[in-house]
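Trainee: Predicted model and sequence below, questions to follow.
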Amino acid sequence: MKWNSRLVLLMSLFIIYIKTESINTDFDITPLAGCPGYNNDPNNNYPNLVDKDETTNWLAYSCTFEEGQENVWYVSFTTSRPVEVGGYKITLSGIFDHENNPKSWILKAKERENQNWKDIDERDYPMTGERSHENFIFNVNKPGKYQYFAFVVTSLQTGSKNGFITLGELSIIPSCPNDDIAPKMGCMCGENGNVCEEGQKCYSGDCYFLSACPNDEIVPKMGCICGANGNVCNEGQKCNVVVCLYPPPSPVSVIFLIIGLFFALILVLVCFIL
């Protein structure tokens, strides 16, 4: 009995460690380059687009992207670790009007610095907006693991190539982890643009808050929360204190398995003899 308790405790610690590693999707962002702010004012400069503060603004005239693409507005940045990207969020600024919002843009990405850029999403979108700091959420067409990004705007709502852009924030949204709850910063669930909040689970493209696991019962299809540590048990498992385990097979299943193996062995022997 003592060894069983120790085994459950060790398995609990191991699962908690794996869980912590798997849902730790928070990351820092470092700006790399971009079109400089209007009048070289730091309050308008490109790092404001990725500073995780929707109240700051990027205000800039068009410039040349590093690939030689002229008359665009761009910001490139890197994350502190590779991210499984599911989507992104664009936040409008709190200044000027919708004519300075982007109309056409490309989100580029790559996993390593020395690689070529890959276009993971391209849009032509009437981002007029009805209020300041309004959010627009998009899925990426080519989800995957990336660490370097470039947001390249090719035209504004006015159609101008020489005007100035105003934006509040660009946020990368990671894909929701499989069979686990959403992390603190949220995650992209499915292809419908749904973003799960912390504590929710992505299931069939929608976000749900899970209930506590039933006592001594098989976990329902959607899953449930096992114990105070927040472990998520999936369909077919049972919650044992704070550990999610698959129940042992029934005696009948074991008997049928043995019979099946016995006949399979006889068949092999017969084929070998003949």
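Mentor: Sure, I can see it.
Trainee: Just give the nearest non-adjacent residue to Q115, would you?
Mentor: Y148 (7.9 Å; C-beta to C-beta, 6 or more residues apart in numbering). For every residue, glycine as well, the C-beta is placed using N, CA and C.
Trainee: Off-centre distance for the host helix or strand of L170?
Mentor: Element membership of L170, judged by DSSP states H and E, is strand 169-174. Taking C-alpha atoms, centre = their mean, to the nearest Å, one finds the center of strand 169-174 at 9 Å from the center of the full chain.
Trainee: Please apply the same query to stretch 38-49.
Mentor: 28 Å.
Trainee: what sits against R112?
Mentor: If you count contacts by C-beta atoms under 8 Å, 6 or more residues apart in numbering, R112 has them with 147-148.
Trainee: wait, is it part of a helix?
Mentor: No. Counting by DSSP: H, G, I helix; E, B strand; the rest coil, R112 falls outside a helix, being coil.
Trainee: mind starting the numbering at 313 from now?
Mentor: All set: I'll call the first residue 313, so the last point we hit is now R424.
Trainee: mind checking pLDDT for the residue nearest to N356 when sequence neighbours are not counted?
Mentor: Sequence neighbours aside, G349 is the residue nearest to N356 in space, at 3.2 Å (criterion: C-beta to C-beta, 6+ apart). We have a pLDDT of 93 for G349.
Trainee: gap between G349 and W385?
Mentor: With distances taken as C-beta to C-beta, to the nearest Å, G349 is found 11 Å from W385.
Trainee: what residues are shared contacts of these two?
Mentor: Shared contacts of G349 and W385, counting by C-beta under 8 Å, 6+ apart, come down to A372.
Trainee: of the two, who's got more company?
Mentor: The residue with more neighbours, out of G349 and W385, is W385; 27 against 20, by other C-beta atoms under 10 Å.
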